[in-house]
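Q: My questions concern the predicted model and sequence given below.
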Amino acid sequence: MSIASVFDIALVALILTIGASAILVRTAFAAVVMFVVYGLLLSMAWVRLHAVDVALTEAAIGGGMTGLLLLGAVARSRSVNVDSVRVGYPLRLAAGALCALVVAGLAIPILHPPEAIPTLAPTVMENLPPSGLGNPVAGVLFVFRALDTLLEKVVLLLALLGVWSLAPDHAWGGTPGLQVYARPDPTLIFLAQLLPPVGIVFGIYMCWVGAKGPGGAFQGGTVLAAMWLLVIVAGLQRAPAIGRLWLRGLLVTGPVLFLVIGLAGWVFADAFLAYPAGYAKPLIVAVEAALTLSIAVALGMLAAGPPVRAQQQ
Amino acid sequence: MNATTLFGLCGAALVGIGLYGLITNPEPLRKILAFNLLGSGVFLLFGVIARRGAAAGLGGDPVPQAMVITAIVVAFAATAMAIALVQRLWDETDRASIGSDSSETAEEKS
């Protein structure tokens, strides 16, 4: 048995153990901590599956951002009386049996793959050179399946609208109440002063390098959002009121630029979201840059939650 | 058994673990967490399909990989929305679980 397969078996065992304990531990706080660890371990599994772009996204969004959201929710749930309603054993057994059936159903096709496995990899590699991109995943996201990427940005904005619309009437247009710690400690404040300059450069780099190698607008945007949230959580700066015009402007800049370039494709390249020959790469980089900013703001505001205080004049 | 199959089975098991948590845990926050676990298991299965489609000098089929990236972002947006809903529920009812006990239904009616 090679070292790689020992590593893989250990990794899978760890992922399953941590994943199961995220479900089974008593307190919600411990479960969220387990979930963050689980997200990081899972991103290692993605690296082992040769999907580094997905690994970066999973670590940044799947583990980090979702973890922050859940932590914020746990911190706010302290005041709520948690009633210890537990499900009885018969139901647990029945649920366990059902889940085992589902696992078996999924495992069978995994163990018996079809003879000829469908793949679009050769088609992607054939059509990638005209776009000037070096990263096939970025090529799929911004050239071949650009509509998916555009609509996904719209989904982010719709989710943000949904979160904001849950605000009480008096707080509409006010500031979100993101608070993970009652009182930020000096270590956190020090980190919030030290990390953002490095993080911002790193986020911009990830966005820029995404055209050639692993990275891109999502991953870069998440790093920027994380830096922003770190500053807010440490109490160095308040979350902005959701009524601010600059905030709303930044949120729509990326999707609107993407849409405008997509519509211009009808005039200059005979299809919606098609790029004129020779201009594909500069246009994609411009869209990615604008999207990175919009994604950073959208993710940050999603994590900050609905407004709770009216805007102070 | 090769590494790809191993990760495929891991994904299948994660779907089962997430589903179990989704059914048996009455706290909405824990249900959201379990649903995320279930989703990541599905993504991992998709990643295994991408890995098996490796061709043309790539380590995996880039189309499913790009779709998983989109899926992770959309799952995050849905999670944020769900958590905002749960927090509104807490604000309105002061309850942390959505169990269907008779004592609770009586409480709801009052």
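A: Yep, it's here. Just so we're clear, the structure is a prediction, and the values are computed from it rather than from any experiment.

Q: Where does residue A:254 sit, in terms of helix or strand?
A: For residue A:254, the enclosing helix or strand under DSSP states H and E is helix A:245-268.

Q: Can you mark which positions in that helix are buried?
A: A:250-255, A:257-259, A:261-262, A:264-265 (16 or more other Cβ atoms under 10 Å in any protein chain shown). C-beta: built from backbone N, CA, C; applies to glycine.

Q: ok, now stretch A:63-81?
A: Buried residues in stretch A:63-81 (16+ other Cβ under 10 Å): A:63-77, A:80.

Q: for chain B, what are the nearby residues on the stretch 151-300 of chain A?
A: Counting by Cβ under 8 Å from any Cβ of the partner chain, the residues of the stretch 151-300 of chain A close to chain B are A:152, A:155-156, A:158-160, A:162-163, A:166, A:168, A:216, A:218, A:299.

Q: Neighbour-wise, give me the winner out of those.
A: residue A:218 (31 neighbours; other Cβ atoms under 10 Å in any protein chain shown).

Q: Spit out the contact partners of residue 20.
A: With no chain named, the answer covers chain A. Contacts here follow Cβ atoms under 8 Å, 6 or more residues apart in numbering or on different chains; on that basis residue A:20 touches residue B:17.

Q: oops, chain B please
A: Residue B:20 sits next to A:23, A:95-96, A:99, B:34 when contact means Cβ under 8 Å, 6+ apart.

Q: Could you tell me how many residues sit around residue A:278?
A: Taking other Cβ under 10 Å as the criterion, the count of residues near residue A:278 is 9.

Q: The one 5 residues further on now?
A: Other residues near residue A:283 come to 19 when the count uses other Cβ under 10 Å.

Q: Put the alpha carbons of stretch B:70-90 into PDB.
A: Taking Å, rounded to 0.1, in the frame of the first residue of the first chain, the C-alpha atoms of stretch B:70-90 are listed here in PDB:
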ATOM      1  CA  THR B  70     -21.500  27.500  -8.500                       C
ATOM      2  CA  ALA B  71     -23.400  25.000  -6.300                       C
ATOM      3  CA  ILE B  72     -21.200  25.800  -3.300                       C
ATOM      4  CA  VAL B  73     -21.900  29.600  -3.700                       C
ATOM      5  CA  VAL B  74     -25.600  29.000  -4.200                       C
ATOM      6  CA  ALA B  75     -25.700  26.700  -1.100                       C
ATOM      7  CA  PHE B  76     -24.100  29.400   0.900                       C
ATOM      8  CA  ALA B  77     -26.700  32.000  -0.200                       C
ATOM      9  CA  ALA B  78     -29.500  29.500   0.700                       C
ATOM     10  CA  THR B  79     -27.900  28.900   4.100                       C
ATOM     11  CA  ALA B  80     -27.700  32.600   4.800                       C
ATOM     12  CA  MET B  81     -31.300  33.000   3.900                       C
ATOM     13  CA  ALA B  82     -32.300  30.000   6.100                       C
ATOM     14  CA  ILE B  83     -30.400  31.300   9.100                       C
ATOM     15  CA  ALA B  84     -32.000  34.700   8.800                       C
ATOM     16  CA  LEU B  85     -35.400  33.000   8.800                       C
ATOM     17  CA  VAL B  86     -34.500  31.000  11.900                       C
ATOM     18  CA  GLN B  87     -33.300  34.100  13.700                       C
ATOM     19  CA  ARG B  88     -36.600  35.800  12.900                       C
ATOM     20  CA  LEU B  89     -38.400  32.700  14.300                       C
ATOM     21  CA  TRP B  90     -36.400  33.100  17.500                       C
END
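
Q: Now do the buried residues in that stretch.
A: By neighbour count on 16+ other Cβ under 10 Å, the buried set for stretch B:70-90 is B:70-84, B:86-87, B:89-90.

Q: Now narrow those to whatever sits close to chain A.
A: B:70, B:72-81, B:83-84, B:86-87, B:90.

Q: distance between whichever helix or strand comes after the helix holding residue A:254 and the chain's centre?
A: Downstream of helix A:245-268, the first helix or strand assigned by DSSP H and E is helix A:280-304. A distance of 12 Å separates the C-alpha centroid of helix A:280-304 from that of its chain, computed with Cα atoms, centre = their mean, to the nearest Å.

Q: And stretch B:36-49, by the same measure?
A: Distance of stretch B:36-49 from the chain centroid (Cα atoms, centre = their mean) equals 9 Å.

Q: got it, and stretch A:124-136?
A: In terms of Cα atoms, centre = their mean, the gap separating the centre of stretch A:124-136 from the centre of its chain is 25 Å.

Q: Could you pull up the residues touching whichever residue of chain B sits closest to chain A?
A: Per Cβ to the nearest Cβ, the residue of chain B with the smallest distance to chain A is residue B:59, at 2.7 Å. Neighbouring residues of residue B:59 by Cβ under 8 Å, 6+ apart: A:49-51, B:51.

Q: In those residues, find the pair that's most separated.
A: Pairwise distances across the contacts of residue B:59 (Cβ to Cβ) peak at 7.4 Å, for the pair A:51 and B:51.

Q: Show me the common contact partners of those two, please.
A: When Cβ under 8 Å, 6+ apart defines a contact, the residues bordering residue A:51 and residue B:51 alike are B:59-60.

Q: how about residue A:308, secondary structure?
A: For residue A:308, the assignment made with DSSP: H, G, I helix; E, B strand; the rest coil gives strand.

Q: That one contacts residue A:170, correct?
A: No: with contact defined as Cβ atoms under 8 Å, residue A:308 does not reach residue A:170; the gap is 9.6 Å.

Q: out of these two, which sits in the more crowded spot?
A: Set residue A:308 next to residue A:170 and count neighbours by other Cβ under 10 Å: residue A:308 wins out with 19 against 10.
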